[in-house]
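Student: I need the structure of the sequence given here:
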Amino acid sequence: QPMALTMMAWKKNKPSSLLSMEWGYAQLHFEWVKKNGGKPHCMARGSVALPENPFQEPPEIIARAIRQALDQAQVTEKHCIVSLPVGWLFSCRTELPELEQEDLQSFLDTQAEREFPLPLDGLQIAQAPFQDHLEASHRFMMALPTQRFDLLNEVMERAGLKPLSWSVAQAGPSFLQSLGIQDALCLLSTPMGYDLLAVSGGALVMGRSLSESNQPQQLAREIKISLGELSVEMQRSIRTCLIPLQASQEGVAQEALVQLQERMGMSHRILSGEPSLAYCLACDFLVGPANPIEFLPPQVSALEAWSRKFDSGRHKWVGGSLAAAILLISLIFFWQGQTLEALEDQWAVMEEPVKELETLQQRIRLYRSWYDQSIPTLQLIEHLTEAFPEEGEVWVKELDIRENGQVSCSGFATSNRAWLDMLEKLRGSSQVKDLTVDQVRDDRQTQFSFRYRWEASQP
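Tutor: So this is what the prediction gives:
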């Protein structure tokens, strides 16, 4: 009943008009859309030029530019929805095992920790369910660093706007239905290069920026590698690459598509009438079905909070729960006292032999370096070097090796993908323990720092 009340309140408060914003790499496109009957229509539109790296600019500068553009277009709407570029996001796919509902989120959190280069508390994660051609359940996850999410929210707030949704327009049903095909690759031109999307069964299953691919052979190779990361069933079903008319006229894209057709037999098709991502985003929000990717944390309405507070079932069991908690705590302390007493008796018996062993171990540590034939530091450096790509796409700026195998490393990479491949190799090594990413920054080059504990392999 509380959930039904919440949904009723949401439908009642859902606006009939809003500002839909497509945040791109070098430009922000916006459309003021109003729902008129069953189909939204655009009342005003415009664009704002963005700095090369908006995350290095003060939020008030970008907010001022957005506000000026909205005022020039005579946009008075305060509510907005925002689509983020796929190049700012991390993404991964995972097949869902047969688990109870309460265990499913723990499984997804574990997968996200393994796939994404930042801790979960530093990410805003959105999830979209989909099924492959064998009807197996999967989950597509996209993540945005929380630091960037907070900065974007601050920009909107300073511009006098209230975001109702942060998502990816390319994952919504309006954009996917406009493609006219259920299984395909989609190569979209951007100021930085290209964005590559993979659609399987009418759902977005991959989104990646190919900003480093400025040569036909390199672009074709990146598309082939990206396709190879999908499941075998998806690869077999995706035999068409969609490309907008503007991108199809570019020499790099033309030659890359020819190579894909020769090597993989993949045909290509030009998109006719490429839809506005801002308009697609507005259609999903105002008319539905809803976009499955949503980064905005769920908001608890005042009605839902009131219904939870005054739920009669909660007050009914308060007394019993307190009594059970007191009894449980008492039993835990009793068991702990009995266990400590038994352990103290065991220690009294083995105290002297343990002291003799500790003395012997101290002597071994004192003279170990004189007869140890291994060179742990060189083994560590060799192991770390093997994780780096041979082409020189990732290099070290600073390496700090301390006692007990504690390693701190920082450096640069020419692309985010090269850095992630190197990080995945380290994660897959049984000698690397407690690997933690301290910092990742995307400027013209990817700057990173991480640390881990290295354990030498036993002979």
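Student: Helices of the stretch 301-450 of the chain, start to end?
Tutor: In the stretch 301-450 of the chain, the helices defined using DSSP state H, counting those that start in this stretch lie at 302-309, 312-316, 318-371, 376-387, 416-427.
Student: so which of these gets nearest residue 244?
Tutor: Closest of the helices of the stretch 301-450 of the chain to residue 244 is helix 416-427, at 23.4 Å (criterion: Cβ to Cβ). C-beta coordinates here come from the backbone N, C-alpha and C atoms, glycine included.
Student: how about the residue nearest the centre of the chain, what does it touch?
Tutor: By Cα atoms, centre = their mean, the chain has its centre lying nearest to residue 143, at 2.0 Å. Residue 143 makes contact with 89, 90, 91, 112, 116, 118, 123, 124, 125, 126, according to Cβ atoms under 8 Å, 6 or more residues apart in numbering.
Student: again, only this time at 7 Å
Tutor: 89, 90, 112, 116, 123, 124, 125 (Cβ atoms under 7 Å, 6 or more residues apart in numbering).
Student: So for it, what's the pLDDT?
Tutor: Looking at residue 143, its pLDDT reads 94.
Student: in the helix or strand hosting it, what's buried?
Tutor: Here residue 143, judged by DSSP states H and E, is contained in strand 137-145. For strand 137-145, a neighbour-count test (16 or more other Cβ atoms under 10 Å) marks 138, 139, 140, 141, 142, 143, 144, 145 as buried.
Student: and if you look at stretch 183-192?
Tutor: Neighbour-count burial for stretch 183-192 [16+ other Cβ under 10 Å]: 183, 184, 185, 186, 187, 188, 189, 190, 192.
Student: Check whether the fifth one really touches residue 197, as I assumed.
Tutor: Just to be clear, that refers to residue 187. No - in this structure, residue 187 is not within contact of residue 197 by Cβ atoms under 7 Å, at 8.0 Å.
Student: Next, work out how far apart residue 118 and residue 143 are.
Tutor: The gap separating residue 118 from residue 143 is 8 Å, by Cβ to Cβ, to the nearest Å.
Student: Would you indicate which residues of stretch 85-101 are buried?
Tutor: Using 16+ other Cβ under 10 Å as the test for burial, stretch 85-101 gives 85, 86, 87, 88, 89, 90, 91, 92, 93, 94.
Student: Apologies, that question was intended for stretch 270-283.
Tutor: 271, 274, 276, 277, 278, 279, 280, 281, 282, 283.
Student: swap in stretch 195-214?
Tutor: Buried residues in stretch 195-214 (16+ other Cβ under 10 Å): 195-201, 203-213.
Student: so how far does it reach from one end to the other?
Tutor: Using Cα to Cα, to the nearest Å, one end of stretch 195-214 lies 12 Å from the other.
Student: Residue 23 pairs with what?
Tutor: residue 28 (DSSP bridges).
Student: Can you report how many residues lie near it?
Tutor: Neighbours of residue 23 under the rule other Cβ atoms under 10 Å: 21.
Student: Spit out the contact partners of it.
Tutor: When contacts are counted by Cβ under 7 Å, 6+ apart, residue 23 touches 82, 83, 84, 85.
Student: same thing but at 10 Å, please
Tutor: Listed by Cβ atoms under 10 Å, 6 or more residues apart in numbering, the contact set of residue 23 reads 29-30, 48, 50, 54, 82-85, 88, 152, 155, 166, 277-278.
Student: Just those: which are in helices?
Tutor: Members of these lying in helices (criterion: DSSP state H): 152, 155, 277, 278.
Student: Can you tell me which of those is closest to residue 348?
Tutor: Among the ones in helices among the contacts of residue 23, and counting by Cβ to Cβ, the member closest to residue 348 is residue 152, at 62.9 Å.
Student: And that closest one, what's its pLDDT?
Tutor: 93.
Student: Just to check, it is in contact with residue 144?
Tutor: Yes - under the criterion of Cβ atoms under 10 Å, residue 152 makes contact with residue 144 at 8.6 Å.
Student: which residues do the two both contact?
Tutor: 84, 88, 166, 295.
Student: mind checking how far the nearest residue to residue 149 once chain neighbours are set aside is from residue 387?
Tutor: Once flanking residues are discounted, residue 149 sits nearest to residue 124: 4.7 Å by Cβ to Cβ, 6 or more residues apart in numbering. Note on residue 124: its distance to residue 387, by Cβ to Cβ, is 29 Å.
Student: so how many other residues sit close to residue 68?
Tutor: 12.
Student: can you tell me the helix or strand for it?
Tutor: Applying DSSP H and E, one finds residue 68 within helix 59-72.
Student: and that helix, average pLDDT?
Tutor: For helix 59-72, the mean pLDDT works out to 93.
Student: related to what we said a few turns ago, got the helices of the stretch 301-450 of the chain as TSV, with mean pLDDT and distance to residue 405 columns?
Tutor: Output for the helices of the stretch 301-450 of the chain, formatted as TSV (pLDDT from 0 to 100; distance: least, Cβ to Cβ, whole Å):
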stretch	mean pLDDT	distance to residue 405
helix 302-309	52	49
helix 312-316	51	51
helix 318-371	81	15
helix 376-387	85	7
helix 416-427	89	13
